[in-house]
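In: I'll drop the sequence and a predicted model, then ask my questions.
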Amino acid sequence: MSAPGRGGWRLLRPVAAAHRAALWRLAAWSALGALPVLLSGRLVALAADRGFLAGDAAFGLAMLGCYGAALVLGAYATRQAFGPMADLVEAVRDHVLRGAVSGGLHAAVHGERPPDTAVVSRITSQSERVRQILSVLLLSLSTTVFAAGAAVAGLWHLAPVLVLVTLPAAALACAALVPLSRRWRRRYEASLRAEEELAEECGRTLEGMRDVVACAATARAEADLDQALRRHAGAAAAVAWLSGARVAVLALSTRLPLAALLLLAPSLVSSGALTAGELLGAATYLVSGLEPAMKALVHSAGNLGLELATLLHRLAAHGAPPPGTAASDAGADTGSDTGPDTGGDTGSVAGADTASGEEPGGDPAPACGRRTRGCALTLHDVTFRYGPHAAPVLDGVRLRVAPGEHVALVGPSGTGKSTLALVLAGLARPERGEVRLGSAALPGLDQAWLRRAVALVPQEAYVFAGTVRENLAYLAPGAGDADLDRAVAALGLGPLLHRLGGYDAPLAGPGALSAGERQLLTLARVYASPARVVILDEATCHLDPATEERVENAFARREGTLVVIAHRISSALRAERVLVLDGARLRAGRHEELLATSPLYTDLVGYWQAVS
């Protein structure tokens, strides 16, 4: 195996070291499961020579009965092997999945690699394929190794001459399979790359669907996807062809010893080298013992082993963060089995140190200073569009949100309010112009620091499987009960916390909460974080008006800058200043001023009052 393969196998070492007892149990039960193969030929030979051919049918039936009992014992041993095998497989699956998630999050947060949608394939299909292949491989390999050894041992004891034919045939098969296996591995790696490229192409197409439709490029997008699909199908067909060739080589090699036995049978029996029963026993070892074991062994170590090695190599290459970076930086280790779903939770916050007012992380950025009410956000002539040929969503926008200011952003649906939120958070870069946090441009700031300093909370709130404490303290890992108590009290989370059973109560996942409860839990998570700027993108849409008012007032009293994308007139009335997104332009002012100067704002207020 090449160096890359060895690199992939290293993924299994921590799991193997932690589960040595399970490995020994699996080996012990597999050895016992090979007992029927070891006894099969000898018992058949005794049943024929000293039983049926000698006229003693009772003895022959007794020997066959012993063979049947051995088969029952072997089946029981095989059944018992499933327990330790499952322990190993699930542990490997969790380890591989955690590494893939950690690596994907680290690449997205720290920017060592550009985020790509191929990570979805690694997290879903490839990690699940590792689990499926390893379960088959462990049980098959452990059983067939002992079964092949038992068949050869029994054949050597019964008919040594046949071993001299069997071993060279197996050696020739291995010699032919080595180059075929190498080619198979290269083709299989190519098929995995094609699969990831297909996933990435699908992701790019879906992400840019607005531009595709706007530019009338649906035919081009369809052609690109079709080309990716054809590459994937061709790579999969090449893998299947080589798999068939390897099966043919194996079948030929395993039939040679049986053909030799049939050709030599007359001379072996006439010379007295073998009795008729021993001849039948030797055929039993070959047909029901050695041949199935060899097929399974080559299939396991060849097809499945190579496939597993290739998968592990690719997962290792894109897995855990590079050496020297803490896994916690990637936000992957949350103390739960499944890990958090951060797909839209607080897009620009990946973790936190403390809420003490000290600059978090290694960048003492000039953005906000050591102690301040918040961070100023400034947009200088910002233009943003989705693609070079699309109409601008923001066009020459100028804006300054003062440190500690509470502003509300309003506008008709689809005008780009969420896009502006992404630009303010540094998650979308403008085509022209500059976004500054304090005195520093966003691209020049340490990205890890920026993700802790700015929290964007979208409409869709995410919670993950774990405890309530893990969910609340996800963005502030060092937060104690007193810190969480302040967040719970400020946002009115007490009744929900009591219903769930306290901080250490398990939370099965998002399905355990209503949409409003998920939003409230996510908002408390951000409240407990050290974020200096909080952007609520309709993050209270599932809350009742009274709870929404309490939440917004709590964030307004909290140290920091607050931007609320409003979906009710009450949010605009609570803000110190209102921003109206009118087309690609932005107008700012107090509520009374905008009523007098902005027809769009007047219409929005009238609509809100009519539906409230």
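Out: Cool, got the structure. Numbers count the residues shown, from 1 in each chain.
In: my read is residue 564 is in a helix, agree?
Out: No: secondary structure of residue 564 (DSSP: H, G, I helix; E, B strand; the rest coil): strand, not part of a helix.
In: Now do whichever helix or strand residue 578 is part of, average pLDDT.
Out: Element membership of residue 578 [criterion: DSSP states H and E] is strand 577-582. Here strand 577-582 scores 86 as its mean pLDDT.
In: Check stretch 269-288 too.
Out: Stretch 269-288 shows a mean pLDDT of 80.
In: How far away from the center of its chain is that stretch?
Out: Relative to the chain's own centre, stretch 269-288 is displaced by 54 Å; criterion: Cα atoms, centre = their mean, to the nearest Å.
In: for that stretch, how far is the first residue from the last?
Out: Stretch 269-288 has an end-to-end distance of 22 Å (criterion: Cα to Cα, to the nearest Å).
In: For it, buried residues please.
Out: By neighbour count on 16 or more other Cβ atoms under 10 Å, the buried set for stretch 269-288 is 274-275, 277-288. (Each C-beta comes from the backbone N, C-alpha and C, glycine too.)
In: Out of those, which is nearest to residue 149?
Out: Nearest to residue 149 among the buried residues of stretch 269-288: residue 285, at 11.9 Å, using Cβ to Cβ.
In: Hmm, that closest one is touching residue 158, no?
Out: Yes: counting by Cβ atoms under 8 Å, residue 158 is a contact partner of residue 285 at 6.9 Å.
In: Spit out the residues that contact those two alike.
Out: Shared contacts of residue 285 and residue 158, defined by Cβ atoms under 8 Å, 6 or more residues apart in numbering, comprise residue 41.
In: next one: phi and psi at residue 514?
Out: The phi/psi pair for residue 514 (degrees, to the nearest 10) reads phi -80, psi 170.
In: which stretches of the stretch 501-612 of the chain form strands?
Out: In the stretch 501-612 of the chain, the strands defined using DSSP state E, counting those that start in this stretch lie at 506-507, 533-537, 561-565, 577-582, 585-589.
In: Pull the residues that contact the shortest one.
Out: So that's strand 506-507. 463-468, 471, 500, 513.
In: Likewise for stretch 427-441?
Out: By Cβ under 8 Å, 6+ apart, stretch 427-441 touches 347-348, 365-369, 375-385, 392, 394, 396-397, 403, 419, 422-424, 426, 442-443, 445, 450, 453-454, 456, 533.
In: For it, buried residues please.
Out: 427-428, 430, 433, 435-438, 440.
In: before we move on, the earlier item: which of the buried residues of stretch 269-288 sit farthest apart?
Out: Of all pairs in the buried residues of stretch 269-288, the most separated under Cβ to Cβ is 275 and 288 at 19.3 Å.
In: quick revisit: so of the contacts of stretch 427-441, which ones are in helices?
Out: Counting by DSSP state H, these place 419, 422-424, 450, 453 in helices.
In: Who wins on neighbours among those residues?
Out: Highest neighbour count within these: residue 453, with 31 neighbours (other Cβ atoms under 10 Å).
In: For the stretch 401-550 of the chain, just list every one of the helices.
Out: 417-425, 447-453, 468-472, 481-491, 494-500, 515-527, 545-557 (DSSP state H, counting those that start in this stretch).
In: Repeat that for the stretch 151-300 of the chain.
Out: Using DSSP H, counting those that start in this stretch, helices in the stretch 151-300 of the chain cover 160-207, 209-214, 218-270, 276-284, 291-298.
In: The residue nearest to residue 401 when sequence neighbours are not counted: how many residues sit nearby?
Out: Among residues not flanking residue 401 along the chain, residue 377 sits closest, at 4.2 Å (Cβ to Cβ, 6 or more residues apart in numbering). Applying other Cβ under 10 Å, we find 27 residues neighbouring residue 377.
In: My guess is residue 377 contacts residue 400. True?
Out: Yes: using Cβ under 8 Å, residue 377 is in contact with residue 400, at 7.3 Å.
In: Distance-wise, check residue 469 relative to residue 293.
Out: Distance, residue 469 to residue 293, using Cβ to Cβ, to the nearest Å: 52 Å.
In: Who has more neighbours out of the two?
Out: Counted by other Cβ under 10 Å, residue 469 and residue 293 do not tie: residue 293 has more neighbours, with 24 against 17.
In: Pull the contacting residues for that one.
Out: Residues near residue 293 by Cβ under 8 Å, 6+ apart: 37, 144, 147-148, 151.
In: Report how many residues lie close to residue 208.
Out: 17.
In: What residues does it make contact with?
Out: Contacts of residue 208 by Cβ under 8 Å, 6+ apart are 386-387.
In: Could you pull up phi and psi at residue 530?
Out: Torsion angles, degrees, to the nearest 10, at residue 530: phi -90, psi 20.
In: what would the contacts of strand 506-507 look like in CSV with neighbour count?
Out: Formatted as CSV, those follow (neighbours: other Cβ atoms under 10 Å):
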residue, neighbour count
463, 26
464, 19
465, 20
466, 20
467, 19
468, 23
471, 25
500, 19
513, 20
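In: can you put those residues in TSV and add distance to residue 576 and pLDDT?
Out: As requested, these are exported to TSV (distance: Cβ to Cβ, whole Å; pLDDT from 0 to 100):
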residue	distance to residue 576	pLDDT
463	31	85
464	34	83
465	39	82
466	37	86
467	37	89
468	33	90
471	31	89
500	35	89
513	32	86
